[in-house]
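K.L.:
Dropping the sequence and predicted coords here.
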Amino acid sequence: MMNYGGGRGPAATVRCRQCSSSITAMPGARAVQCMQCSCVTRVPGCGRPRPGMQLVPHMRPTPAFGGGRSKKRAVLIGIKYTGRRSSELRGPVNDVKCMRYLLTERFGFPNDCVLILTDEERNPCRLPTKDNIRMAMHWLVQGCSYGDSLVFQFSGMGAQVPDDDGDELDGMDEALCPMDSFHQGPILDDEINEAIVRPLVHGVTLHAIVDACHSATVLDLPYQCVVSKSTGCLRWRDERPLTGAWKGTSGGKAVLISGSSNGKRMSTNALPQPYATIGAMTHSFIRSLECEPRTTYGRLLSSMRNIMRQGGNCNLQGPVGSSIRMVTNFSGVEEPQLSSAHKFNIDCEPFCM
């Protein structure tokens, strides 16, 4: 069972909507995941918080959490889910290491302003638990001001849960799974939007790079860039909720680079153990920027698509990238996608972090 919510109340027993197995829901859980078929089922009577209530609890970083403060800050999260035989991933930790090299060496991010959370960390504050991820998101946007460039990266598992408030056009909420999601539940897109999108003030830019299944709209941004079926050109599709719920920023810029997928992760168990691996979408993002640092958003997406279609071996720069031999599509991402808080000219707008 996986807890998709919070709050208090009595435990409940529900039937899986797919296989009809009996599932015990933790007190206050809004949805649970079946251990038999992995389907997610809403818990009746456990809806969203009342209007005016915050979705995201105040998870202020403790002094031991650390992290410097500069105009460029990043939170990089990579989770292998070590010990889960059916879902252990290869690649997410290397995704983070390669992203850190890109940010510090190519884009001038100070080392102490790049927080890394992986399940290989020894510092308890750097383990990618649900609470630590929430604290990291708060640290990232806290006190943001004009000129700030922020980066949020997540490589790991994503999930979907049926929407309960009508703010999803496809009827499903997306979520990111922390390392303790089996006990604490994942972080829903509504929470992520409230935590790192809405606080962005004018002049602040956030880039989120998410390599996970079900990640195409995981920031709940209002506009998604898609390829027009009639012209073959990129265009913006309006993803704003029919309920009128506000999913934008407070004047800042938020861009999500993620991927469309069918939700089926690719098996990495066949890879020989010595092979170091990196996620296919993350590899395509980093490789595209290594080849053309001064690119536009449109050219970046096009380059990522080409690299993902080619597949093959890793050819990244840096001490970590040069040691990685294989690219693995652990998230099942088929095409890189981009969504944004505002529409802009994707073919002309320069990409910069």
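P.N.:
Noted; the coordinates are in hand.
K.L.:
Run through the stretch 201-350 of the chain and note the low-pLDDT ranges.
P.N.:
Across the stretch 201-350 of the chain, the ranges flagged by pLDDT under 70 are 229, 260-276, 312, 325, 330-332.
K.L.:
again, 80 this time
P.N.:
227-232, 241-244, 259-276, 311-315, 317-334 (pLDDT under 80).
K.L.:
Three-state assignment for the residue nearest to the spatial centre of the chain, please.
P.N.:
Nearest to the geometric centre of the chain sits Val210, at 3.8 Å (Cα atoms, centre = their mean). Look at Val210: counting by DSSP: H, G, I helix; E, B strand; the rest coil, its state is strand.
K.L.:
and the nearest residue to it once chain neighbours are set aside, how many neighbours?
P.N.:
Of all residues not flanking Val210 in the chain, Ser258 sits nearest, at 4.4 Å (Cβ to Cβ, 6 or more residues apart in numbering). No exception for glycine: its C-beta is placed from N, CA and C like everyone else's. Neighbour count of Ser258, defined by other Cβ atoms under 10 Å: 28.
K.L.:
Look up which residues are beta-bridged to Ser258.
P.N.:
Gln337 (DSSP bridges).
K.L.:
can you pull out the helices in the stretch 201-350 of the chain?
P.N.:
Along the stretch 201-350 of the chain, counting by DSSP state H, counting those that start in this stretch, helices occupy 280-291, 297-310, 318-321.
K.L.:
coming back round to it: now do the residue nearest to Val210 against Ile192, distance only.
P.N.:
Per Cβ to Cβ, to the nearest Å, Ser258 is found 12 Å from Ile192.
K.L.:
Touching both of those two, which residues are there?
P.N.:
Val218 (Cβ atoms under 8 Å, 6 or more residues apart in numbering).
K.L.:
from memory Gly298 sits against Asp347, does it?
P.N.:
Yes. Here Gly298 lies in contact with Asp347, judged by Cβ atoms under 8 Å, at a distance of 4.0 Å.
K.L.:
Look at these two and report which has more neighbours.
P.N.:
Gly298 (18 against 13).
K.L.:
residues in contact with that one?
P.N.:
234, 346-349.
K.L.:
Spit out the residues that contact Gly298 and Asp347 alike.
P.N.:
Joint contacts of Gly298 and Asp347 (Cβ under 8 Å, 6+ apart) are Leu234.
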